[in-house]
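In: I would like the atomic coordinates for the input below:
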Amino acid sequence: MNENAETQVQPPADPRLQVSYNERIAPELMEALGIENRLALPRLQAVVMNMGVGAAKDDEKILTEAVEVLSLISGQKPVITRARKSVAGFKIRAGMPVGCKVTLRRRRMYEFLDRLVNIVLPRIRDFRGLSPTSFDGTGNYSFGLEEYVVFPEVDPDRFDNVLGMDVTVRTSATTDAEARKLLDLCGFPFRK
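Out: Got it, this is the predicted structure:
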């Protein structure tokens, strides 16, 4: 018997939300939207998380902290975003770091959305649901979180600054109604 055959690592199981999409959500979408071809169904494409850190112009430690927090939450190293234009009123010059962002796709996207819907959103104090009007007209949905401490990966005692973040869910849906149906079936808690 080959020794390598015993020590081979099995690939990790597919994320729960991805399995749920393939087994439960896709057939329900086909019925609800009247689409016969499974490949024409709206799908989740990417999740973009963004933290704007305007105070980083005065204290670079805040930007470093934001990058560390976003990498803990996403499991990926964020990209530092820079100002495109100078704005004298905000004392910002073109090229100064003003935030960070990360784009999740495939496996990490499904795992993040599963954690977001089932763990993070219920932990928000006085949470009444996500706004059903935050679609952009082309099937993408955006919302903001006031504090990153609702994520269980982040130790609030380790970081000094509490920052907010924006989350955008990009879908292949062409209308807001299709995207809303997809996100409803994925478990997004929209306000009634």
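In: go through the protein and flag its longest helix.
Out: In the chain, taking DSSP state H as the definition, the longest helix is helix 60-74.
In: can you name the element that comes right after that one?
Out: The helix or strand immediately downstream of helix 60-74 is strand 79-82, counting by DSSP states H and E.
In: tell me what that next one is packed against?
Out: Judged by 3 or more Cβ pairs under 8 Å, 6 or more residues apart in numbering; DSSP states H and E, strand 79-82 is in contact with strand 97-104. For the C-beta atoms, the positions are set from N, CA and C on the backbone; glycine is no exception.
In: what segments of the protein are helices?
Out: 3-7, 16-20, 26-33, 60-74, 106-115, 121-123, 176-186.
In: which among those helices is found nearest to residue 156?
Out: Checking the helices of the chain against residue 156 by Cβ to Cβ gives helix 60-74 as the closest, at 10.3 Å.
In: my read: residue 52 touches residue 97, true?
Out: No: Residue 52 is beyond contact range of residue 97, at 10.8 Å (criterion: Cβ atoms under 8 Å).
In: how many neighbours does residue 119 have?
Out: Residues within reach of residue 119, counting by other Cβ atoms under 10 Å, total 13.
In: residue 187 is in contact with that one, correct?
Out: No: between residue 119 and residue 187 there is no contact under Cβ under 8 Å: 11.5 Å.
In: joint contacts of the two?
Out: Taking Cβ atoms under 8 Å, 6 or more residues apart in numbering as the contact definition, residue 119 and residue 187 share no neighbouring residue.
In: how about low-confidence regions in the chain?
Out: The chain contains residues with pLDDT under 70 at 1-6, 11, 54-58, 89-92.
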